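Undergrad: Return atomic coordinates for the entry below.
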Amino acid sequence: MLFRSHEAGIGLDAGAKQAVADRFGEDAGRVPEFVGLLSAAFGEGARLHLDDVEPYLGERGRVAPYLLTNAIDAGDTVLALDLLDRMLHATSTTGSAMHGMQVMAMLVRHYESLLRIDSPDVRGEAEAAAVLGIKAYPAKLRLQTARRLGSRGIGTAFAHLARADLDLRGGLAGGRALDPDIVMELLVTRLCALAARSGRGAQSSEIGRAHV
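TA: So this is what the prediction gives:
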């Protein structure tokens, strides 16, 4: 009953509905937002099963990793920093907190996926989905991000990640590690700025081609 008014253009089978109900319990106010995220990830009209939904549920109260990477890919620094803060400072009532190194590993995996599809052999979402082993719609979003950043942008992202990893570990000389919060905030800010610049560059290129 909880889902009939909140499926927002997508369908959940019985197993998926039960999993969402178990996760959110009586907190019905969070269900429309969650289902809206599923719609954004899979596209309107998608029919989802338990194995589709489970990766997005995560631990109770924890920020789903894709929310942070989506915000970074959009160049939304304010949202990305808010999500990062929620990841690093979760309480016993909002989910277990993550260490900066855990968030780092999550971001590395994200950019590794972009690197894997940064290839002329990946011409569309079908090829991207096959390479990444994910569904077509999220693969399409990854491919769009990879194309916006380009090989140079993805390389720059890895340079930012490497620098942050070094700062978290204490530097080449085994020096004192920097505050994880500061390191991760700076990393996310840099990645968002990179995405924003790439987005403006892509828009300029489109405008230029439109006037040729």
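
Undergrad: Count the neighbours of residue 191 for me.
TA: 26 (other Cβ atoms under 10 Å). Every residue, glycine included, has its C-beta placed from N, CA and C.

Undergrad: separation between the nearest residue to it once chain neighbours are set aside and residue 118?
TA: Distance criterion Cβ to Cβ, 6 or more residues apart in numbering; nearest residue to residue 191, sequence neighbours excluded, is residue 72 at 4.9 Å. To residue 118, residue 72 is 17 Å away according to Cβ to Cβ, to the nearest Å.

Undergrad: Looking at the two, which is more packed in?
TA: Remark: of residue 72 and residue 118, residue 72 carries more neighbours, 29 against 17, as counted by other Cβ under 10 Å.

Undergrad: Could you list every helix and strand in contact with the lowest-mean-pLDDT helix or strand in the chain?
TA: Lowest mean confidence among the helices and strands of the chain (mean pLDDT, DSSP states H and E): helix 31-42, at a mean of 71. Judged by 3 or more Cβ pairs under 8 Å, 6 or more residues apart in numbering; DSSP states H and E, the packing partners of helix 31-42 are helix 14-24, helix 50-57, helix 136-169.

Undergrad: Compute the inter-axis angle for the second one and helix 31-42.
TA: This means helix 50-57. 110 degrees (axes from the mean of the first three to the mean of the last three Cα atoms, to 10 degrees).

Undergrad: Can you name the next helix or strand after helix 50-57?
TA: Sequence-wise, the next helix or strand downstream of helix 50-57 (DSSP states H and E) is helix 65-73.

Undergrad: contacts for that next one?
TA: 37, 41, 56, 58, 79-80, 83-84, 87, 103, 106-107, 110, 138, 141, 145, 188, 191-192, 195 (Cβ atoms under 8 Å, 6 or more residues apart in numbering).

Undergrad: re earlier: I'd like the distance between the residue nearest to residue 191 and residue 165.
TA: Counting by Cβ to Cβ - residue 72 and residue 165 are separated by 16 Å.

Undergrad: Likewise for residue 21?
TA: 39 Å.

Undergrad: And for residue 146?
TA: 22 Å.

Undergrad: which residues sit in contact with the closest residue to residue 49 other than its chain neighbours?
TA: Nearest non-adjacent residue to residue 49, counting by Cβ to Cβ, 6+ apart: residue 13, 5.2 Å away. Residue 13 makes contacts with 47-50, as judged by Cβ under 8 Å, 6+ apart.

Undergrad: And residue 140, by the same measure?
TA: 125, 128 are the contacts of residue 140 under Cβ under 8 Å, 6+ apart.

Undergrad: Show the pLDDT at it.
TA: Looking at residue 140, its pLDDT reads 90.

Undergrad: ok, it to residue 134 distance?
TA: Counting by Cβ to Cβ - residue 140 and residue 134 are separated by 10 Å.

Undergrad: what's the next secondary structure element after the helix or strand where residue 110 lies?
TA: In the assignment (DSSP H and E), residue 110 maps to helix 100-116. On the C-terminal side of helix 100-116, the closest following helix or strand by DSSP H and E is helix 125-132.

Undergrad: Does anything pack onto that following helix? Which helices or strands?
TA: Looks like helix 125-132 contacts helix 100-116, helix 136-169 (3+ Cβ pairs under 8 Å, 6+ apart).

Undergrad: May I see the buried residues of the longest one?
TA: Of the residues in helix 136-169, those buried by neighbour count under the rule 16 or more other Cβ atoms under 10 Å are 137-143, 145-146, 148-149, 153-154, 156-157, 160-161, 164-165, 167-168.
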